[in-house]
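Novice: Model the following, please.
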Amino acid sequence: MLFNKIKASMKLGIVMDPISRINIKKDSSFAMLLAAQKRGWDIKYMEMQDLYISNDVPMANMQSLQVVKNPQQWFTLANPRTSKLSDLDILLMRKDPPFDLEYIYATYILEHAERLGTLVVNSPAALRNVNEKFFITHFANCIAPTQISRNMAILLDFIATHQNAIIKPLEGMGGQRIFRANADDPNTRVILETMTNNETRFIMVQKYIPEIAAGDKRILLINGEPIPFALARIPAAGEIRGNLARGGNGKGVALSARDRWICRQVGPRLRALGLYFVGLDVIGDYLTEINVTSPTCIRELDSLYNIDIGSQLLDALEAHRQAHKKC
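Specialist: All right, here's what the predicted structure looks like:
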């Protein structure tokens, strides 16, 4: 595939994990790239190691990128060129967790690009401040009984009160290190000791929601407004986790009245923080997580409902960018 000389209306950058390793049937970043290319945007590709800052000028080694729906060869990269991040109109931060110090340092660089006028999605400060597990506590009327602690006595008392609980770390992705425990299980104390690293690490415990059997719904929000369909990720036999990475089966569902109510509670706050693309996780009637780093499920929903979520996102970002330039 050869690079065409496109007179692009917008310059889009993307920071992501190696594009050579993605599954194009499931990768949401790929959906965004296809949408950008369809409208003739100039796409610049970066990985974390390509970012740097010189005094107060954010820079990167960028490669022009073209993509195609070909499972054998889905991308072509040009030779890297060093450019200012502020030369970009929009920059998508799509690096997957772990959310570690390296990720935080990258947001510092991206924040300088934002200061110079580039629309960074999602906002670097919000990426740092909105922990995907912890932030649900700002919406207490939307969540099941939840506790965050590293104190064994407090955690054991919560599990004794609710009998059946889910234990999870405050970092990680894809259903890693998630346990179900009950008050009578002799392994519960061991699980808590391990997860808290002997009371030195905060963890989350939530009342078990039996409606997980019907699926863990991923609801996508663009600028605070929900896509009208969700992907219910149904656990495999013998599993408590619906994550597709853990063998869950995806089923498309229309949003319920309760889902839409949750979105109305959460959406305005996310929009105010500059969180333009977010994935809410909802089990039964309860919000369980707010995913802000690199939400997924675009490709699955596009396929099920013949919609183009990537284009809807870029429409919203372009409108926001143009409005900002007029101010």
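Novice: rest of the way, CA atoms for contacts and neighbours
Specialist: Fine.
Novice: quick one: pLDDT of the nearest residue to P295 once chain neighbours are set aside?
Specialist: Nearest residue to P295, sequence neighbours excluded (CA to CA, 6 or more residues apart in numbering): G279, at 5.3 Å. On pLDDT, G279 comes in at 98.
Novice: G279 contacts I219, correct?
Specialist: Yes: assessed by CA atoms under 8 Å, G279 is found in contact with I219 at 5.5 Å.
Novice: related to what we said a few turns ago, next up, phi/psi of the residue nearest to P295, please.
Specialist: When quoted as degrees, to the nearest 10, the phi and psi of G279 stand at phi -120, psi 120.
Novice: Run through the bridge partners of it.
Specialist: Per DSSP bridges, residues listed as beta-bridge partners of G279: L220, N291.
Novice: OK, contacts around it?
Specialist: By CA atoms under 8 Å, 6 or more residues apart in numbering, the contact set of G279 is R218, I219, L220, L221, I290, N291, V292, P295, T296.
Novice: one more time with 7 Å, if that's ok
Specialist: R218, I219, L220, L221, I290, N291, V292, P295 (CA atoms under 7 Å, 6 or more residues apart in numbering).
Novice: Turn those residues into JSON lines, columns for distance to Q147 and pLDDT.
Specialist: JSON lines is the format used below for the contacts of G279 (distance: CA to CA, whole Å; pLDDT from 0 to 100):
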{"residue": "R218", "distance to Q147": "22", "pLDDT": "97"}
{"residue": "I219", "distance to Q147": "23", "pLDDT": "98"}
{"residue": "L220", "distance to Q147": "25", "pLDDT": "98"}
{"residue": "L221", "distance to Q147": "26", "pLDDT": "98"}
{"residue": "I290", "distance to Q147": "16", "pLDDT": "97"}
{"residue": "N291", "distance to Q147": "19", "pLDDT": "97"}
{"residue": "V292", "distance to Q147": "21", "pLDDT": "97"}
{"residue": "P295", "distance to Q147": "24", "pLDDT": "95"}
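Novice: Double-check that G13 belongs to a strand.
Specialist: Yes: applying DSSP: H, G, I helix; E, B strand; the rest coil, one finds G13 inside a strand.
Novice: Could you report the separation of it from N70?
Specialist: As defined by CA to CA, to the nearest Å, G13 lies at a distance of 22 Å from N70.
Novice: Neighbour count: the two, which is higher?
Specialist: G13 (27 against 9; other CA atoms under 10 Å).
Novice: Need the pLDDT of that one.
Specialist: 98.
Novice: now T200
Specialist: On the pLDDT scale, T200 is placed at 98.
Novice: For it, give me its contacts.
Specialist: R150.
Novice: how about the strands in the stretch 201-327 of the chain?
Specialist: 203-207, 216-222, 225-226, 229-234, 249-254, 277-283, 286-291 (DSSP state E, counting those that start in this stretch).
Novice: helices or strands next to the last one in the packing?
Specialist: Translated: strand 286-291. In terms of contacts (3 or more CA pairs under 7 Å, 6 or more residues apart in numbering; DSSP states H and E), strand 286-291 is packed against strand 277-283.
Novice: show me the biggest helix of this structure in terms of residues.
Specialist: helix 309-326 (DSSP state H).
Novice: Show me what that helix packs onto, helices and strands only.
Specialist: With contacts defined as 3+ CA pairs under 7 Å, 6+ apart, helix 309-326 has these neighbours: helix 28-38.
Novice: how far is the helix or strand that the helix it packs on is followed by from where the chain is centred?
Specialist: Next in sequence after helix 28-38, counting helices and strands by DSSP states H and E, comes strand 42-46. Relative to its parent chain, strand 42-46 has a centroid offset of 20 Å by CA atoms, centre = their mean, to the nearest Å.
Novice: and after strand 42-46, which helix or strand comes next?
Specialist: Counting by DSSP H and E, what follows strand 42-46 is strand 51-54.
Novice: Now do the helices in the protein.
Specialist: With DSSP H, the ranges of helices along the chain come out as 28-38, 101-115, 124-129, 152-162, 188-195, 257-272, 298-305, 309-326.
Novice: can you list those in CSV and add mean pLDDT, distance to R233 and mean neighbour count?
Specialist: Shown next, in CSV, are the helices of the chain (pLDDT from 0 to 100; distance: least, CA to CA, whole Å; neighbours: other CA atoms under 10 Å):
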stretch, mean pLDDT, distance to R233, mean neighbour count
helix 28-38, 98, 16, 21
helix 101-115, 97, 28, 18
helix 124-129, 97, 25, 18
helix 152-162, 97, 25, 16
helix 188-195, 96, 25, 17
helix 257-272, 98, 15, 17
helix 298-305, 97, 11, 18
helix 309-326, 90, 19, 15
